[in-house]
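1. model this:
(chains A and B)
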Amino acid sequence: MGTGSEIEKPLAAWAAAHFGAGARLEALKRLSGGASQETWAFDVLAEDGPHPLILRRAPGGVAAARSSEAVSLATEAALLGATSASGVRVPAVLHVSPPGSDIGEAFVMRRVTGETLGRKILRDEEYAHARTKLTRDCGEALARIHAVPVAGLPELPRSLGEDQIAKYEAIYRGFDLPRPVLELAFAWLKANAPAPAVPVLVHGDFRLGNLIVDRGGLGAVLDWELAHIGDPREDIAWLCVNSWRFGHSEKRVGGFGELPELLDAYHAAGGAKFAPADIDWWEMLGSLKWGVMCMIMYSAYKTGADPSVERAAIGRRVSENEIDLINLFEGLGRHA
Amino acid sequence: MHDAPSAKELIEAVKAFIDKTAAPQLTGHAAFHARVASNALATVLRELDIRPQAEADEKARLESLLGKTADSVTALNRDLCEAIRSGAVNLSTSGLLAHLKSTTIAQLSVDQPGYSGLKTATR
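-> Residues are numbered from 1 along each chain as shown, chains lettered A, B, ... in the order given. As a prediction, this is how the structure comes out:
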(Lines give C-alpha, C1' and ligand atoms only; values in the text may rest on other atoms or scores of the structure.)
Protein backbone atom coordinates (compact mmCIF):
# COMPACT_ATOMS: atom_id res chain seq x y z
CA MET A 1 0.00 0.00 0.00
CA GLY A 2 1.02 3.57 -0.58
CA THR A 3 3.77 2.87 -3.11
CA GLY A 4 4.90 5.62 -5.44
CA SER A 5 4.05 3.56 -8.51
CA GLU A 6 0.46 3.24 -7.34
CA ILE A 7 -0.18 6.98 -7.31
CA GLU A 8 2.35 8.28 -9.84
CA LYS A 9 0.13 7.72 -12.90
CA PRO A 10 -3.11 9.20 -11.54
CA LEU A 11 -1.16 12.10 -10.03
CA ALA A 12 0.55 12.81 -13.38
CA ALA A 13 -2.86 12.72 -15.07
CA TRP A 14 -4.18 15.24 -12.55
CA ALA A 15 -1.11 17.47 -13.06
CA ALA A 16 -1.65 17.47 -16.84
CA ALA A 17 -5.33 18.38 -16.37
CA HIS A 18 -4.56 21.10 -13.84
CA PHE A 19 -1.36 22.69 -15.19
CA GLY A 20 -1.61 21.87 -18.93
CA ALA A 21 -0.82 18.88 -21.09
CA GLY A 22 2.97 19.43 -20.97
CA ALA A 23 3.17 19.37 -17.17
CA ARG A 24 5.58 16.73 -15.83
CA LEU A 25 5.57 15.05 -12.44
CA GLU A 26 8.96 14.81 -10.72
CA ALA A 27 10.65 13.80 -7.47
CA LEU A 28 7.69 12.00 -5.90
CA LYS A 29 8.79 11.03 -2.41
CA ARG A 30 7.03 9.73 0.69
CA LEU A 31 7.73 12.05 3.59
CA SER A 32 6.12 10.60 6.67
CA GLY A 33 5.20 7.20 7.87
CA GLY A 34 2.28 8.65 9.79
CA ALA A 35 -0.14 5.93 10.81
CA SER A 36 -3.18 8.04 10.06
CA GLN A 37 -2.04 9.79 6.85
CA GLU A 38 0.41 9.41 3.99
CA THR A 39 2.30 12.58 3.12
CA TRP A 40 4.05 12.81 -0.26
CA ALA A 41 6.19 15.61 -1.69
CA PHE A 42 6.41 16.09 -5.46
CA ASP A 43 7.10 18.75 -8.06
CA VAL A 44 5.11 19.58 -11.16
CA LEU A 45 7.18 21.14 -13.95
CA ALA A 46 4.68 23.23 -15.93
CA GLU A 47 5.04 25.87 -18.64
CA ASP A 48 4.88 28.64 -16.06
CA GLY A 49 7.62 27.04 -13.95
CA PRO A 50 8.04 24.46 -11.18
CA HIS A 51 5.29 23.91 -8.58
CA PRO A 52 6.42 22.27 -5.32
CA LEU A 53 3.42 20.36 -3.96
CA ILE A 54 2.29 18.03 -1.17
CA LEU A 55 -0.18 15.15 -1.37
CA ARG A 56 -1.99 14.21 1.85
CA ARG A 57 -3.60 10.84 1.38
CA ALA A 58 -5.46 8.24 3.43
CA PRO A 59 -3.25 5.13 3.94
CA GLY A 60 -3.50 3.17 0.71
CA GLY A 61 -5.98 5.76 -0.54
CA VAL A 62 -8.76 4.35 1.62
CA ALA A 63 -9.77 5.93 4.89
CA ALA A 64 -9.63 3.23 7.55
CA ALA A 65 -11.47 3.44 10.83
CA ARG A 66 -9.87 6.59 12.13
CA SER A 67 -9.63 7.62 15.72
CA SER A 68 -12.93 9.19 16.65
CA GLU A 69 -11.59 12.71 16.85
CA ALA A 70 -9.50 12.96 13.65
CA VAL A 71 -11.34 14.82 10.88
CA SER A 72 -11.51 13.50 7.30
CA LEU A 73 -9.10 14.69 4.61
CA ALA A 74 -11.93 16.49 2.82
CA THR A 75 -12.70 18.33 6.06
CA GLU A 76 -9.02 19.14 6.54
CA ALA A 77 -8.93 20.61 3.02
CA ALA A 78 -12.10 22.63 3.72
CA LEU A 79 -10.52 23.96 6.93
CA LEU A 80 -7.43 25.11 5.00
CA GLY A 81 -9.76 27.05 2.67
CA ALA A 82 -11.82 28.58 5.49
CA THR A 83 -8.84 29.58 7.63
CA SER A 84 -7.01 31.02 4.62
CA ALA A 85 -10.06 33.20 3.93
CA SER A 86 -9.78 34.46 7.54
CA GLY A 87 -6.16 35.47 7.03
CA VAL A 88 -4.38 32.46 8.57
CA ARG A 89 -1.21 31.44 6.74
CA VAL A 90 -1.92 27.93 5.49
CA PRO A 91 -0.92 26.00 2.36
CA ALA A 92 -3.28 26.64 -0.59
CA VAL A 93 -5.34 23.60 -1.57
CA LEU A 94 -5.29 22.84 -5.33
CA HIS A 95 -7.30 19.64 -5.50
CA VAL A 96 -9.49 17.39 -3.37
CA SER A 97 -9.59 13.76 -4.52
CA PRO A 98 -12.69 11.86 -3.33
CA PRO A 99 -12.74 8.29 -1.99
CA GLY A 100 -12.80 5.75 -4.82
CA SER A 101 -10.98 8.03 -7.28
CA ASP A 102 -7.71 6.99 -9.00
CA ILE A 103 -5.56 8.93 -6.53
CA GLY A 104 -7.71 7.74 -3.63
CA GLU A 105 -9.00 9.83 -0.74
CA ALA A 106 -6.53 12.71 -0.67
CA PHE A 107 -5.87 16.35 -1.33
CA VAL A 108 -3.07 18.32 -3.01
CA MET A 109 -1.68 21.52 -1.52
CA ARG A 110 1.24 23.83 -2.18
CA ARG A 111 4.51 22.96 -0.42
CA VAL A 112 5.57 25.81 1.86
CA THR A 113 9.31 26.29 2.37
CA GLY A 114 10.64 26.38 5.92
CA GLU A 115 11.46 24.34 9.01
CA THR A 116 9.15 22.32 11.25
CA LEU A 117 11.64 20.72 13.69
CA GLY A 118 11.23 22.41 17.07
CA ARG A 119 14.82 21.92 18.20
CA LYS A 120 16.22 23.55 15.05
CA ILE A 121 13.79 26.46 15.17
CA LEU A 122 14.71 27.16 18.80
CA ARG A 123 18.47 26.71 18.38
CA ASP A 124 19.70 27.54 14.88
CA GLU A 125 21.12 30.98 14.11
CA GLU A 126 19.15 30.90 10.87
CA TYR A 127 15.91 31.37 12.84
CA ALA A 128 17.17 34.00 15.32
CA HIS A 129 15.09 36.74 13.67
CA ALA A 130 12.09 34.43 13.26
CA ARG A 131 12.17 33.69 17.01
CA THR A 132 11.71 37.39 17.78
CA LYS A 133 8.58 37.45 15.58
CA LEU A 134 7.09 34.07 16.35
CA THR A 135 5.22 34.96 19.55
CA ARG A 136 3.23 37.75 17.90
CA ASP A 137 2.75 35.71 14.71
CA CYS A 138 1.30 32.82 16.74
CA GLY A 139 -0.96 35.16 18.73
CA GLU A 140 -2.33 36.63 15.50
CA ALA A 141 -2.75 33.26 13.82
CA LEU A 142 -4.63 31.86 16.82
CA ALA A 143 -6.93 34.91 16.97
CA ARG A 144 -7.75 34.49 13.28
CA ILE A 145 -8.35 30.74 13.61
CA HIS A 146 -10.67 31.35 16.56
CA ALA A 147 -12.54 34.03 14.54
CA VAL A 148 -13.38 31.72 11.61
CA PRO A 149 -17.19 31.72 11.27
CA VAL A 150 -18.23 28.33 12.60
CA ALA A 151 -21.48 28.30 10.60
CA GLY A 152 -19.60 27.93 7.30
CA LEU A 153 -17.46 24.96 8.40
CA PRO A 154 -18.02 21.27 7.71
CA GLU A 155 -19.27 19.29 10.69
CA LEU A 156 -16.55 19.04 13.35
CA PRO A 157 -16.34 17.18 16.66
CA ARG A 158 -17.28 19.34 19.64
CA SER A 159 -15.02 18.99 22.66
CA LEU A 160 -14.88 21.44 25.54
CA GLY A 161 -12.75 21.13 28.67
CA GLU A 162 -15.11 18.92 30.60
CA ASP A 163 -15.56 16.59 27.59
CA GLN A 164 -11.79 16.14 27.42
CA ILE A 165 -11.46 15.43 31.12
CA ALA A 166 -14.20 12.80 30.86
CA LYS A 167 -12.62 11.21 27.80
CA TYR A 168 -9.06 11.03 29.12
CA GLU A 169 -10.15 9.97 32.60
CA ALA A 170 -12.08 7.03 31.11
CA ILE A 171 -8.99 5.98 29.13
CA TYR A 172 -6.74 6.35 32.18
CA ARG A 173 -9.09 4.29 34.39
CA GLY A 174 -9.31 1.65 31.66
CA PHE A 175 -5.56 0.97 31.99
CA ASP A 176 -5.89 0.32 35.75
CA LEU A 177 -2.40 1.72 36.34
CA PRO A 178 -3.01 4.16 39.21
CA ARG A 179 -0.67 7.17 39.24
CA PRO A 180 -1.27 9.61 42.10
CA VAL A 181 -0.02 12.69 40.21
CA LEU A 182 -2.43 12.10 37.34
CA GLU A 183 -5.18 11.35 39.86
CA LEU A 184 -4.53 14.67 41.61
CA ALA A 185 -4.58 16.50 38.27
CA PHE A 186 -7.98 15.01 37.34
CA ALA A 187 -9.40 15.89 40.78
CA TRP A 188 -7.98 19.43 40.74
CA LEU A 189 -9.12 20.16 37.20
CA LYS A 190 -12.65 19.00 38.00
CA ALA A 191 -12.81 21.05 41.20
CA ASN A 192 -11.43 24.20 39.56
CA ALA A 193 -12.96 24.19 36.08
CA PRO A 194 -13.39 27.70 34.66
CA ALA A 195 -16.67 28.81 33.08
CA PRO A 196 -16.69 27.61 29.47
CA ALA A 197 -15.87 30.20 26.81
CA VAL A 198 -17.98 30.72 23.68
CA PRO A 199 -17.02 27.71 21.52
CA VAL A 200 -14.83 28.48 18.49
CA LEU A 201 -12.84 26.64 15.84
CA VAL A 202 -9.83 25.16 17.68
CA HIS A 203 -6.79 23.83 15.76
CA GLY A 204 -6.19 21.16 18.38
CA ASP A 205 -2.43 20.63 17.86
CA PHE A 206 -0.98 24.14 17.47
CA ARG A 207 2.71 23.82 18.46
CA LEU A 208 6.23 23.63 17.02
CA GLY A 209 6.32 20.53 14.86
CA ASN A 210 3.07 21.48 13.18
CA LEU A 211 4.11 25.02 12.22
CA ILE A 212 6.33 25.90 9.27
CA VAL A 213 8.77 28.59 10.34
CA ASP A 214 10.91 30.53 7.87
CA ARG A 215 13.51 33.27 8.43
CA GLY A 216 10.73 35.85 8.72
CA GLY A 217 8.60 34.04 11.32
CA LEU A 218 5.50 31.85 11.03
CA GLY A 219 5.16 30.59 7.46
CA ALA A 220 2.18 28.23 7.66
CA VAL A 221 -0.04 26.33 10.09
CA LEU A 222 -0.20 22.60 9.27
CA ASP A 223 -1.82 19.41 10.58
CA TRP A 224 -5.48 20.23 11.09
CA GLU A 225 -6.47 16.62 11.82
CA LEU A 226 -7.42 17.35 15.43
CA ALA A 227 -9.45 20.49 14.67
CA HIS A 228 -12.70 20.72 16.63
CA ILE A 229 -15.18 23.12 18.12
CA GLY A 230 -13.88 23.98 21.55
CA ASP A 231 -12.45 26.50 23.97
CA PRO A 232 -9.94 29.02 22.54
CA ARG A 233 -7.79 28.74 25.68
CA GLU A 234 -7.06 25.10 24.75
CA ASP A 235 -4.97 26.15 21.71
CA ILE A 236 -3.14 28.91 23.59
CA ALA A 237 -2.27 26.57 26.47
CA TRP A 238 -1.22 23.64 24.25
CA LEU A 239 1.49 25.87 22.75
CA CYS A 240 2.69 26.46 26.34
CA VAL A 241 2.82 22.80 27.49
CA ASN A 242 6.41 22.09 28.56
CA SER A 243 6.67 19.03 26.28
CA TRP A 244 6.47 21.47 23.34
CA ARG A 245 9.14 23.85 24.63
CA PHE A 246 11.80 21.35 23.47
CA GLY A 247 14.08 21.90 26.45
CA HIS A 248 13.71 25.70 26.55
CA SER A 249 11.46 25.65 29.62
CA GLU A 250 12.17 29.24 30.62
CA LYS A 251 10.11 30.52 27.69
CA ARG A 252 6.52 29.52 28.39
CA VAL A 253 5.29 29.96 24.84
CA GLY A 254 6.72 27.08 22.82
CA GLY A 255 10.24 27.61 24.18
CA PHE A 256 10.49 30.94 22.33
CA GLY A 257 8.16 33.52 23.89
CA GLU A 258 6.44 35.05 26.89
CA LEU A 259 2.75 34.49 27.48
CA PRO A 260 1.77 38.17 28.08
CA GLU A 261 3.18 39.07 24.65
CA LEU A 262 1.25 36.22 23.01
CA LEU A 263 -1.97 37.24 24.76
CA ASP A 264 -1.47 40.91 23.76
CA ALA A 265 -0.98 39.96 20.11
CA TYR A 266 -3.98 37.63 20.34
CA HIS A 267 -6.21 40.39 21.71
CA ALA A 268 -4.86 43.02 19.28
CA ALA A 269 -5.78 40.70 16.38
CA GLY A 270 -9.38 40.46 17.57
CA GLY A 271 -9.15 37.59 20.06
CA ALA A 272 -10.72 37.63 23.53
CA LYS A 273 -8.78 39.26 26.37
CA PHE A 274 -7.16 36.55 28.50
CA ALA A 275 -4.74 36.86 31.42
CA PRO A 276 -1.86 34.38 31.93
CA ALA A 277 -3.70 32.87 34.90
CA ASP A 278 -6.60 31.99 32.54
CA ILE A 279 -4.20 29.66 30.73
CA ASP A 280 -2.99 27.71 33.81
CA TRP A 281 -5.98 25.35 33.99
CA TRP A 282 -5.68 24.54 30.30
CA GLU A 283 -1.93 24.01 30.45
CA MET A 284 -2.51 21.57 33.30
CA LEU A 285 -5.10 19.76 31.16
CA GLY A 286 -2.62 19.75 28.25
CA SER A 287 0.14 18.09 30.31
CA LEU A 288 -2.36 15.60 31.73
CA LYS A 289 -3.64 14.72 28.24
CA TRP A 290 -0.11 14.21 26.91
CA GLY A 291 0.67 11.98 29.90
CA VAL A 292 -2.37 9.81 29.17
CA MET A 293 -1.44 9.78 25.47
CA CYS A 294 1.98 8.36 26.41
CA MET A 295 0.15 5.64 28.35
CA ILE A 296 -2.00 4.96 25.26
CA MET A 297 1.14 4.55 23.12
CA TYR A 298 2.71 2.23 25.69
CA SER A 299 -0.50 0.16 25.74
CA ALA A 300 0.07 -0.56 22.03
CA TYR A 301 3.22 -2.40 23.16
CA LYS A 302 1.56 -4.08 26.12
CA THR A 303 -1.30 -5.47 24.02
CA GLY A 304 1.12 -6.66 21.32
CA ALA A 305 -0.35 -4.32 18.69
CA ASP A 306 3.08 -2.68 18.19
CA PRO A 307 6.00 -4.70 19.61
CA SER A 308 8.65 -1.99 18.99
CA VAL A 309 11.12 -0.84 21.67
CA GLU A 310 9.94 2.69 20.99
CA ARG A 311 6.36 1.94 22.03
CA ALA A 312 7.57 0.18 25.17
CA ALA A 313 9.96 2.99 26.09
CA ILE A 314 7.41 5.78 25.66
CA GLY A 315 5.72 4.50 28.82
CA ARG A 316 8.76 5.94 30.61
CA ARG A 317 7.83 9.41 29.44
CA VAL A 318 4.64 9.67 31.51
CA SER A 319 6.81 10.91 34.38
CA GLU A 320 7.84 13.91 32.24
CA ASN A 321 4.25 15.06 32.29
CA GLU A 322 4.00 14.29 36.00
CA ILE A 323 6.89 16.62 36.84
CA ASP A 324 5.34 19.28 34.57
CA LEU A 325 2.07 18.90 36.49
CA ILE A 326 3.90 19.22 39.80
CA ASN A 327 5.72 22.33 38.59
CA LEU A 328 2.35 23.75 37.55
CA PHE A 329 0.80 22.92 40.95
CA GLU A 330 3.70 24.67 42.68
CA GLY A 331 3.31 27.70 40.42
CA LEU A 332 -0.45 28.08 40.98
CA GLY A 333 -1.30 31.57 42.12
CA ARG A 334 2.13 32.84 41.15
CA HIS A 335 0.59 34.85 38.32
CA ALA A 336 -3.04 34.87 39.47
CA MET B 1 22.84 -17.59 42.81
CA HIS B 2 25.95 -16.22 41.13
CA ASP B 3 26.43 -12.70 39.91
CA ALA B 4 29.55 -12.97 37.82
CA PRO B 5 28.62 -11.48 35.46
CA SER B 6 25.95 -9.50 37.23
CA ALA B 7 22.72 -8.36 35.54
CA LYS B 8 24.28 -4.91 35.36
CA GLU B 9 27.42 -6.19 33.62
CA LEU B 10 25.34 -8.15 31.08
CA ILE B 11 23.22 -5.11 30.23
CA GLU B 12 26.33 -2.93 29.95
CA ALA B 13 27.87 -5.46 27.56
CA VAL B 14 24.75 -5.57 25.36
CA LYS B 15 24.50 -1.78 25.37
CA ALA B 16 28.16 -1.47 24.34
CA PHE B 17 27.53 -3.94 21.50
CA ILE B 18 24.58 -1.88 20.24
CA ASP B 19 26.44 1.44 20.54
CA LYS B 20 29.86 0.42 19.21
CA THR B 21 29.20 -2.46 16.82
CA ALA B 22 25.59 -2.70 15.69
CA ALA B 23 24.41 0.92 15.47
CA PRO B 24 27.28 2.20 13.27
CA GLN B 25 26.36 -0.43 10.66
CA LEU B 26 22.68 0.54 10.56
CA THR B 27 20.93 3.30 8.64
CA GLY B 28 17.53 4.96 8.59
CA HIS B 29 14.78 3.44 10.70
CA ALA B 30 16.94 0.62 12.04
CA ALA B 31 19.59 3.10 13.24
CA PHE B 32 16.89 5.10 14.99
CA HIS B 33 15.53 2.00 16.71
CA ALA B 34 19.05 0.99 17.78
CA ARG B 35 19.38 4.35 19.55
CA VAL B 36 15.99 3.83 21.21
CA ALA B 37 17.10 0.34 22.30
CA SER B 38 20.36 1.67 23.75
CA ASN B 39 18.46 4.37 25.64
CA ALA B 40 16.07 1.74 27.03
CA LEU B 41 19.04 -0.23 28.40
CA ALA B 42 20.42 2.97 29.93
CA THR B 43 17.05 3.37 31.68
CA VAL B 44 17.31 -0.17 33.07
CA LEU B 45 20.85 0.50 34.33
CA ARG B 46 19.72 3.66 36.13
CA GLU B 47 16.76 1.77 37.57
CA LEU B 48 19.05 -0.94 39.01
CA ASP B 49 20.97 1.82 40.82
CA ILE B 50 18.16 4.09 41.94
CA ARG B 51 15.02 2.01 42.47
CA PRO B 52 15.78 0.04 45.67
CA GLN B 53 16.44 3.09 47.85
CA ALA B 54 13.94 5.36 46.06
CA GLU B 55 11.14 2.83 46.42
CA ALA B 56 11.91 2.24 50.12
CA ASP B 57 11.76 6.01 50.70
CA GLU B 58 8.53 6.26 48.72
CA LYS B 59 6.98 3.46 50.79
CA ALA B 60 7.91 5.14 54.06
CA ARG B 61 6.41 8.45 52.90
CA LEU B 62 3.22 6.76 51.70
CA GLU B 63 2.79 4.94 55.01
CA SER B 64 3.20 8.19 56.90
CA LEU B 65 0.82 10.03 54.58
CA LEU B 66 -1.87 7.34 54.71
CA GLY B 67 -1.32 6.36 58.35
CA LYS B 68 -1.09 2.65 57.52
CA THR B 69 1.37 -0.01 56.45
CA ALA B 70 1.18 -2.36 53.50
CA ASP B 71 3.27 -4.99 51.75
CA SER B 72 3.82 -3.12 48.52
CA VAL B 73 4.20 0.37 47.15
CA THR B 74 1.68 -0.55 44.47
CA ALA B 75 -1.03 -1.21 47.08
CA LEU B 76 -0.22 2.04 48.89
CA ASN B 77 -0.32 4.03 45.66
CA ARG B 78 -3.68 2.47 44.87
CA ASP B 79 -4.94 3.63 48.27
CA LEU B 80 -3.55 7.10 47.73
CA CYS B 81 -5.26 7.33 44.34
CA GLU B 82 -8.57 6.34 45.90
CA ALA B 83 -8.12 8.92 48.66
CA ILE B 84 -7.42 11.64 46.08
CA ARG B 85 -10.36 10.55 43.96
CA SER B 86 -12.75 10.58 46.92
CA GLY B 87 -11.55 14.02 47.99
CA ALA B 88 -10.22 12.76 51.35
CA VAL B 89 -6.77 13.91 50.22
CA ASN B 90 -6.24 17.01 48.08
CA LEU B 91 -3.68 19.60 47.05
CA SER B 92 -3.86 21.30 50.44
CA THR B 93 -3.22 18.05 52.34
CA SER B 94 0.00 18.55 54.30
CA GLY B 95 2.89 16.61 52.82
CA LEU B 96 1.09 15.44 49.67
CA LEU B 97 2.72 17.67 47.09
CA ALA B 98 6.17 17.26 48.68
CA HIS B 99 5.76 13.48 48.58
CA LEU B 100 4.62 13.47 44.95
CA LYS B 101 7.48 15.76 43.98
CA SER B 102 10.13 13.55 45.64
CA THR B 103 8.62 10.45 44.06
CA THR B 104 8.44 12.00 40.59
CA ILE B 105 11.98 13.37 40.79
CA ALA B 106 13.23 9.85 41.63
CA GLN B 107 11.14 8.35 38.81
CA LEU B 108 12.48 10.87 36.27
CA SER B 109 16.04 10.33 37.47
CA VAL B 110 15.50 6.80 36.14
CA ASP B 111 13.24 7.53 33.15
CA GLN B 112 14.51 10.79 31.61
CA PRO B 113 17.25 12.42 33.69
CA GLY B 114 17.83 15.07 31.02
CA TYR B 115 14.23 16.29 30.92
CA SER B 116 13.87 20.07 31.25
CA GLY B 117 11.02 19.84 33.76
CA LEU B 118 13.29 17.90 36.15
CA LYS B 119 15.75 20.82 36.20
CA THR B 120 12.87 23.20 36.90
CA ALA B 121 11.69 21.01 39.78
CA THR B 122 15.12 20.67 41.42
CA ARG B 123 16.14 24.30 41.00
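2. which secondary structure element contains the closest residue to B:Leu62 other than its chain neighbours?
-> Excluding the flanking residues, the one nearest B:Leu62 by C-beta to C-beta, 6 or more residues apart in numbering or on different chains is B:Leu76, at 4.0 Å. No exception for glycine: its C-beta is placed from N, CA and C like everyone else's. Applying DSSP states H and E as the criterion places B:Leu76 in helix B:73-86.
3. what about the helices in chain B?
-> Taking DSSP state H as the test, the helices found in chain B are B:7-16, B:28-66, B:73-86, B:96-111, B:116-122.
4. follow-up on the earlier one: count the neighbours of the residue nearest to B:Leu62 for me.
-> Residues lying near B:Leu76 (other C-beta atoms under 10 Å in any protein chain shown) number 21.
5. and A:Ala27, how many residues sit next to it?
-> Neighbours around A:Ala27, by other C-beta under 10 Å: 11.
6. Low-confidence ranges, the stretch 201-336 of chain A, go.
-> Regions of the stretch 201-336 of chain A meeting the criterion pLDDT under 70 cover residues A:333-336.
7. residue ranges of the strands in it, please?
-> A:211-214, A:217-221, A:228-230 (DSSP state E, counting those that start in this stretch).
8. closest to chain B out of those strands?
-> When the strands of the stretch 201-336 of chain A are compared by C-beta to the nearest C-beta, strand A:211-214 sits nearest chain B, at 19.8 Å.
9. Name the residue closest to the centre of chain B, please.
-> Residue closest to the average C-alpha location in chain B (C-alpha atoms, centre = their mean): B:Gln107, at 3.4 Å.
10. Nearest approach to A:Met295 belongs to which of the strands of the stretch 201-336 of chain A?
-> Closest approach to A:Met295 among the strands of the stretch 201-336 of chain A (C-beta to C-beta): strand A:228-230, 21.7 Å.
11. could you check the angle helix B:96-111 makes with the helix holding B:Leu76?
-> Orientation of helix B:73-86 against helix B:96-111 (axes from the mean of the first three to the mean of the last three C-alpha atoms, to 10 degrees) gives an angle of 140 degrees.
12. Stretch B:103-114 and chain A, any residue contact?
-> Yes: residues of stretch B:103-114 contacting chain A under C-beta under 8 Å from any C-beta of the partner chain: B:103-105, B:107-108, B:110-112.
13. Count the residues that sit near A:Trp188.
-> Neighbourhood size, A:Trp188 [other C-beta under 10 Å]: 20.
14. wait, A:Val253 sits on A:Asp137?
-> No: if you go by C-beta atoms under 8 Å, A:Val253 and A:Asp137 don't touch, sitting 11.1 Å apart.
15. centre of the chain versus the helix or strand harbouring A:Ala166, how much separation?
-> Using DSSP H and E, A:Ala166 sits in helix A:161-175. Centroid displacement of helix A:161-175 relative to its chain, using C-alpha atoms, centre = their mean, to the nearest Å, is 20 Å.
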